[in-house]
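3D, please:
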Amino acid sequence: MYSMARATLFPTARQHSLMLLHQLDRIARRRKEIALEPLDLRPRQVVVLMILRDHGAMTQAALGETLSLDPANLVGLLNELEDRELLDRRRDPEDRRRHIVELSPAGEATLARAQEALRAVQDYVLAGLDEDERSTLHELLLRAAERHVATEGCVQAADEPEGC
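Take a look at the predicted model:
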(Lines give C-alpha, C1' and ligand atoms only; values in the text may rest on other atoms or scores of the structure.)
Protein backbone atom coordinates (compact mmCIF):
# COMPACT_ATOMS: atom_id res chain seq x y z
CA MET A 1 0.00 0.00 0.00
CA TYR A 2 2.76 2.44 0.93
CA SER A 3 4.66 1.98 -2.33
CA MET A 4 1.46 2.32 -4.37
CA ALA A 5 0.56 5.62 -2.71
CA ARG A 6 4.14 6.76 -3.06
CA ALA A 7 4.23 5.86 -6.74
CA THR A 8 0.94 7.69 -7.30
CA LEU A 9 2.10 10.87 -5.54
CA PHE A 10 5.59 10.95 -7.05
CA PRO A 11 5.55 8.95 -10.29
CA THR A 12 8.75 10.46 -11.68
CA ALA A 13 10.61 11.21 -8.44
CA ARG A 14 13.82 9.58 -9.63
CA GLN A 15 14.02 11.95 -12.54
CA HIS A 16 12.87 14.99 -10.56
CA SER A 17 14.71 14.97 -7.26
CA LEU A 18 15.06 18.73 -7.53
CA MET A 19 11.29 19.08 -7.51
CA LEU A 20 11.10 17.01 -4.33
CA LEU A 21 13.85 19.12 -2.77
CA HIS A 22 11.95 22.24 -3.79
CA GLN A 23 8.73 20.97 -2.22
CA LEU A 24 10.49 20.04 1.04
CA ASP A 25 12.25 23.41 0.99
CA ARG A 26 8.91 25.23 0.71
CA ILE A 27 7.53 23.27 3.65
CA ALA A 28 10.69 23.79 5.71
CA ARG A 29 10.87 27.52 4.96
CA ARG A 30 7.31 28.13 6.04
CA ARG A 31 7.74 26.02 9.17
CA LYS A 32 10.99 27.84 10.01
CA GLU A 33 9.28 31.20 9.73
CA ILE A 34 6.48 30.03 12.03
CA ALA A 35 8.91 28.46 14.51
CA LEU A 36 11.10 31.58 14.69
CA GLU A 37 8.23 34.06 14.89
CA PRO A 38 7.85 33.87 18.71
CA LEU A 39 11.55 34.76 18.95
CA ASP A 40 11.06 37.66 16.51
CA LEU A 41 13.78 36.23 14.27
CA ARG A 42 14.09 35.53 10.58
CA PRO A 43 16.16 32.60 9.22
CA ARG A 44 18.82 34.94 7.83
CA GLN A 45 19.29 36.48 11.28
CA VAL A 46 19.75 33.01 12.77
CA VAL A 47 22.45 32.28 10.19
CA VAL A 48 24.34 35.43 11.26
CA LEU A 49 24.16 34.37 14.91
CA MET A 50 25.34 30.84 14.04
CA ILE A 51 28.30 32.11 12.06
CA LEU A 52 29.36 34.37 14.92
CA ARG A 53 28.97 31.54 17.41
CA ASP A 54 30.93 29.09 15.28
CA HIS A 55 33.70 31.44 14.12
CA GLY A 56 33.88 34.00 16.92
CA ALA A 57 34.32 37.73 16.50
CA MET A 58 35.07 38.84 12.96
CA THR A 59 35.17 41.96 10.90
CA GLN A 60 31.94 43.16 9.41
CA ALA A 61 33.49 42.78 5.94
CA ALA A 62 34.45 39.15 6.60
CA LEU A 63 30.93 38.41 7.81
CA GLY A 64 29.50 40.01 4.67
CA GLU A 65 31.75 37.85 2.50
CA THR A 66 30.76 34.72 4.39
CA LEU A 67 27.08 35.55 3.87
CA SER A 68 27.60 36.77 0.28
CA LEU A 69 25.74 39.95 1.23
CA ASP A 70 26.12 43.43 -0.15
CA PRO A 71 27.57 45.74 2.55
CA ALA A 72 24.44 47.93 2.59
CA ASN A 73 22.18 44.91 3.18
CA LEU A 74 24.55 43.58 5.82
CA VAL A 75 24.45 46.86 7.76
CA GLY A 76 20.65 46.72 7.94
CA LEU A 77 20.73 43.13 9.12
CA LEU A 78 23.35 43.85 11.75
CA ASN A 79 21.53 46.98 12.92
CA GLU A 80 18.43 44.90 13.62
CA LEU A 81 20.41 42.36 15.65
CA GLU A 82 22.40 45.02 17.46
CA ASP A 83 19.22 46.95 18.37
CA ARG A 84 17.99 43.77 20.06
CA GLU A 85 21.38 43.37 21.79
CA LEU A 86 21.95 39.98 20.13
CA LEU A 87 25.36 41.04 18.88
CA ASP A 88 27.96 43.66 19.67
CA ARG A 89 29.73 45.86 17.12
CA ARG A 90 32.80 47.85 17.97
CA ARG A 91 35.56 49.65 16.12
CA ASP A 92 38.65 47.61 15.40
CA PRO A 93 41.42 49.11 17.56
CA GLU A 94 43.96 48.34 14.81
CA ASP A 95 41.95 50.05 12.07
CA ARG A 96 39.22 52.44 13.19
CA ARG A 97 37.50 52.17 9.79
CA ARG A 98 36.62 48.53 10.43
CA HIS A 99 33.99 47.12 12.74
CA ILE A 100 34.31 43.91 14.73
CA VAL A 101 31.09 41.95 15.16
CA GLU A 102 30.60 39.50 18.02
CA LEU A 103 27.76 37.42 19.41
CA SER A 104 26.48 38.80 22.72
CA PRO A 105 25.37 36.68 25.69
CA ALA A 106 21.75 37.54 24.84
CA GLY A 107 22.47 36.43 21.27
CA GLU A 108 23.82 33.11 22.52
CA ALA A 109 20.69 32.49 24.59
CA THR A 110 18.37 33.48 21.75
CA LEU A 111 20.31 31.32 19.30
CA ALA A 112 19.97 28.31 21.62
CA ARG A 113 16.18 28.78 21.66
CA ALA A 114 16.10 29.27 17.89
CA GLN A 115 18.08 26.09 17.29
CA GLU A 116 15.70 24.12 19.47
CA ALA A 117 12.79 25.45 17.42
CA LEU A 118 14.61 24.58 14.21
CA ARG A 119 15.33 21.04 15.42
CA ALA A 120 11.59 20.59 15.80
CA VAL A 121 11.09 21.81 12.22
CA GLN A 122 13.73 19.39 10.97
CA ASP A 123 12.05 16.56 12.86
CA TYR A 124 8.74 17.48 11.23
CA VAL A 125 10.15 17.73 7.70
CA LEU A 126 12.17 14.51 8.00
CA ALA A 127 9.60 12.58 10.04
CA GLY A 128 9.46 9.84 7.40
CA LEU A 129 13.14 8.99 7.90
CA ASP A 130 14.81 7.12 10.74
CA GLU A 131 18.12 8.32 12.23
CA ASP A 132 20.29 6.25 9.87
CA GLU A 133 18.38 7.53 6.85
CA ARG A 134 18.68 11.11 8.10
CA SER A 135 22.41 10.66 8.49
CA THR A 136 22.68 9.21 4.98
CA LEU A 137 20.58 12.04 3.55
CA HIS A 138 22.79 14.58 5.29
CA GLU A 139 25.96 12.99 3.91
CA LEU A 140 24.51 12.87 0.39
CA LEU A 141 23.41 16.51 0.57
CA LEU A 142 26.86 17.53 1.79
CA ARG A 143 28.44 15.72 -1.14
CA ALA A 144 26.02 17.29 -3.60
CA ALA A 145 26.59 20.77 -2.15
CA GLU A 146 30.34 20.48 -1.72
CA ARG A 147 31.34 21.75 -5.15
CA HIS A 148 28.79 24.57 -5.18
CA VAL A 149 29.05 26.26 -1.80
CA ALA A 150 32.59 27.55 -2.35
CA THR A 151 31.45 29.61 -5.32
CA GLU A 152 27.78 30.29 -4.66
CA GLY A 153 27.12 30.92 -0.98
CA CYS A 154 27.74 30.26 2.66
CA VAL A 155 28.34 26.94 4.32
CA GLN A 156 26.37 25.83 7.34
CA ALA A 157 28.04 23.89 10.11
CA ALA A 158 27.55 20.21 9.28
CA ASP A 159 25.50 19.44 12.40
CA GLU A 160 23.15 22.41 12.13
CA PRO A 161 19.57 22.04 10.93
CA GLU A 162 19.33 25.54 9.41
CA GLY A 163 20.51 26.34 5.93
CA CYS A 164 21.93 29.61 4.71
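
neighbours of Glu116, how many?
Per other Cβ atoms under 10 Å, the neighbour tally for Glu116 reads 11. The way it works is simple: take the backbone N, C-alpha and C, and place the C-beta from them, glycine included.

and it, how far is that from Gln122?
Counting by Cβ to Cβ, to the nearest Å, the gap from Glu116 to Gln122 is 11 Å.

got it, and Ala106?
Distance, Ala106 to Gln122, using Cβ to Cβ: 24 Å.

residue ranges with poor pLDDT in the protein?
1-15, 149-164 (pLDDT under 70).

and the strands in it?
58-59, 87-92, 95-103 (DSSP state E).

how far does the second one sit from its chain's centre?
Right, the one you point to is strand 87-92. Put simply, strand 87-92 sits 23 Å off its chain's centre (Cα atoms, centre = their mean, to the nearest Å).

who touches it?
48-49, 52, 59-60, 78, 81-82, 98-104, 107 (Cβ atoms under 8 Å, 6 or more residues apart in numbering).

just the buried ones among these, please.
Using 16 or more other Cβ atoms under 10 Å as the burial test, those include 48-49, 52, 60, 78, 81-82, 99-101, 103-104, 107 as buried.

dump those residues into CSV; add distance to Lys32 as well.
Output for the buried ones among the contacts of strand 87-92, formatted as CSV (distance: Cβ to Cβ, whole Å):
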residue, distance to Lys32
Val48, 15
Leu49, 14
Leu52, 19
Gln60, 25
Leu78, 21
Leu81, 17
Glu82, 23
His99, 28
Ile100, 29
Val101, 23
Leu103, 20
Ser104, 23
Gly107, 18
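
please name the nearest non-neighbouring residue to Leu49.
In this structure, Leu49 finds its nearest non-sequential neighbour in Leu111, 4.4 Å apart by Cβ to Cβ, 6 or more residues apart in numbering.

now the helices for the chain?
2-9, 17-36, 43-55, 60-67, 71-83, 105-125, 131-152 (DSSP state H).

go through the contacts of strand 87-92 and name the one nearest Asp132.
When the contacts of strand 87-92 are compared for distance to Asp132 (Cβ to Cβ), Leu49 wins out at 30.2 Å.

for the residue nearest to Ala28 when sequence neighbours are not counted, what are its contacts?
Distances taken as Cβ to Cβ, 6+ apart put Val125 closest to Ala28, at 4.9 Å, once the chain neighbours are dropped. Applying Cβ under 8 Å, 6+ apart to Val125 gives the contacts 24, 27-28, 31.
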